[in-house]
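**Q** sequence unknown, structure follows:
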């Protein structure tokens with residue numbers, strides 16, 4: 001009888017204990033985002049702008065073979081001196097500036113073709129785990145991912161589906177977010193208000209296997225067909241902002257519909273594969289590693305049009321917190337964003353509205369939260 005009573009008490013208390021533990025982890029996660037917000041503003045005070053989401057030591061913009069390795073540095077690298085990591089910043093600066101094999105820079109490479117020095121520096125940089133960039137609610141923050149240290153936090157690239165120089169025909173470069181490839185915007189550019197414009201959020205770490213859609217990445221298979229070519233370059237964006245033709249599966253709803261049972265991905269299209277890139281390479285500013293966009297709502301599936309890190313697609317934030325994600329606004333406040341937030345036409349979208357260059361977002365309150373100058377009245381809950 002006594003044992004039965006004890007068992008009953010444990011059964012009653014255990015959910016409350018687990019809930020309290022998760023509440024504490026969520027609070028710690030929120031506090032880390034707030035610290036990143038303080039670092040962002042410290043950087044702004046020193047440089048009169050926020051960091052670029054992807055840049056490098058050399059101010060050139062030559063993406064020829066091999067050169068891109070020194071031009072993909074994430075915004076986290078720029079922030080290192082502002083959370084007492086100047087020494088690591090200096091290591092990365094040195095590797096980016098000096099280490100190459102002939103004419104090919106290898107500051108971040110770790111492949112068989114690396115020279116000894118370049119490979120060694122890559123290991124130093126990529127293996128370093130940053131406690132500030134880890135959410136304690138994620139069960140895979142120690143997952144073995146080779147040389148690539150884990151990271152739970154990502155920069156907001158607004159309601160834009162590509163990278164700064166890789167995007168659907170007609171989109172041009174990303175004109176609506178604060179964090180853009182090889183561009184630096186200041187706080188004065190955020191005319192929609194700092195409290196309603198997102199800076200960062202979370203993304204679950206992929207353990208390197210499995211098909212959970214909150215961390216997996218669907219690649220290719222015409223899952224987002226109709227993107228066309230690479231469009232105009234970042235240095236010569238389309239002035240018209242003409243929309244791509246919404247053919248085939250060119251719509252966010254195709255990606256959203258891949259939600260399967262028990263949190264797994266549903267049946268993939270022919271040729272589609274599952275990638276395992278989420279939550280690694282905090283030093284890389286490529287969208288699949290370091291960004292999220294405000295098209296599909298939080299905890300939706302993630303999809304890109306091909307298999308390259310530069311391919312355009314839909315990259316919502318995700319977390320293990322119940323029902324949503326923590327998100328940092330540019331006023332350094334942290335809000336909990338429900339996965340049920342109004343996302344406008346995102347889950348039924350016909351493909352139009354993905355490349356808007358001005359005006360209100362097509363993706364409701366969620367889309368508006370990603371734009372710095374959409375003249376929207378929508379406020380985050």
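**A** Now that the structure is in, tell me what you want to look at. The structure displayed is predicted, hence computed values, not measured ones. Numbering: from 1, shown residues only.
**Q** Low-confidence stretches in the stretch 201-350 of the chain?
**A** The model of the stretch 201-350 of the chain has pLDDT under 70 over residues 224-250, 349-350.
**Q** Which parts of it are helices?
**A** Listed in chain order, the helices of the stretch 201-350 of the chain (DSSP state H, counting those that start in this stretch) span 252-256, 287-290.
**Q** Tell me which of those helices sits most buried.
**A** Among the helices of the stretch 201-350 of the chain, helix 287-290 has the highest mean neighbour count (mean count of other C-beta atoms under 10 Å), at a mean of 26. The way it works is simple: take the backbone N, C-alpha and C, and place the C-beta from them, glycine included.
**Q** where does the stretch 1-150 of the chain dip in pLDDT?
**A** For the stretch 1-150 of the chain, the stretches flagged by pLDDT under 70 are 1-2, 4-20, 57-71, 95-126, 143-147.
**Q** one step back: among the helices of the stretch 201-350 of the chain, which is nearest residue 376?
**A** Nearest to residue 376, of all the helices of the stretch 201-350 of the chain, is helix 252-256, at 18.9 Å by C-beta to C-beta.
**Q** Give me the contact list for that closest one.
**A** Residues outside helix 252-256 that contact it (C-beta atoms under 8 Å, 6 or more residues apart in numbering): 218, 223-224, 295-296, 300-303, 313-314, 346-349, 354.
**Q** Now, those that are in strands?
**A** Here DSSP state E is the test, and the contacts of helix 252-256 give 218, 303, 313, 314 as lying in strands.
**Q** which one among those gets closest to residue 251?
**A** Set against residue 251, the nearest of the ones in strands among the contacts of helix 252-256 by C-beta to C-beta is residue 314 (9.6 Å).
**Q** How many residues are close by that closest one?
**A** By other C-beta atoms under 10 Å, the residues close to residue 314 number 26.
**Q** residue contacts, it?
**A** Contacts for residue 314 were tallied using C-beta under 8 Å, 6+ apart; they are 161, 224, 252, 255, 293, 295, 296, 300, 301, 302, 303, 304.
**Q** Roughly how far does the fourth one sit from residue 212?
**A** Residue 255 sits at a distance of 15 Å from residue 212 (criterion: C-beta to C-beta, to the nearest Å).
**Q** before we move on, what about the third one?
**A** With distances taken as C-beta to C-beta, residue 252 is found 19 Å from residue 212.
**Q** Hmm, residue 335 and residue 33 touching each other?
**A** No: the criterion here is C-beta atoms under 8 Å, and residue 33 misses it with residue 335 at 9.8 Å.
**Q** Of those two, which one has the most company?
**A** Counted by other C-beta under 10 Å, residue 33 and residue 335 do not tie: residue 33 has more neighbours, with 24 against 20.
**Q** wait, is the more buried one part of a strand?
**A** No: going by DSSP: H, G, I helix; E, B strand; the rest coil, the assignment for residue 33 is helix, not a strand.
**Q** what's the closest non-adjacent residue to it?
**A** Excluding its sequence neighbours, the residue lying closest to residue 33 (C-beta to C-beta, 6 or more residues apart in numbering) is residue 328, at 4.4 Å.
**Q** What segments of the stretch 51-200 of the chain are strands?
**A** 54-55, 73-74, 100-101, 104-105, 153-156, 198-202 (DSSP state E, counting those that start in this stretch).
**Q** right, I mislabeled it, should have said the stretch 251-381 of the chain
**A** Using DSSP E, counting those that start in this stretch, strands in the stretch 251-381 of the chain cover 273-275, 291-292, 303-304, 313-314, 324-329, 334-338.
**Q** which of the contacts of helix 252-256 are buried?
**A** Neighbour-count burial (16 or more other C-beta atoms under 10 Å) applied to the contacts of helix 252-256 gives 218, 223-224, 295-296, 300-303, 313-314, 346-347, 349, 354.
**Q** And those residues, which is closest to residue 72?
**A** The closest of these, once distances to residue 72 are taken by C-beta to C-beta, is residue 313, at 17.3 Å.
**Q** what's the distance between the closest one and residue 320?
**A** Following C-beta to C-beta, the distance that separates residue 313 from residue 320 is 22 Å.
**Q** now swap in residue 190 and tell me
**A** Look at residue 190 and residue 320: by C-beta to C-beta, they are 30 Å apart.
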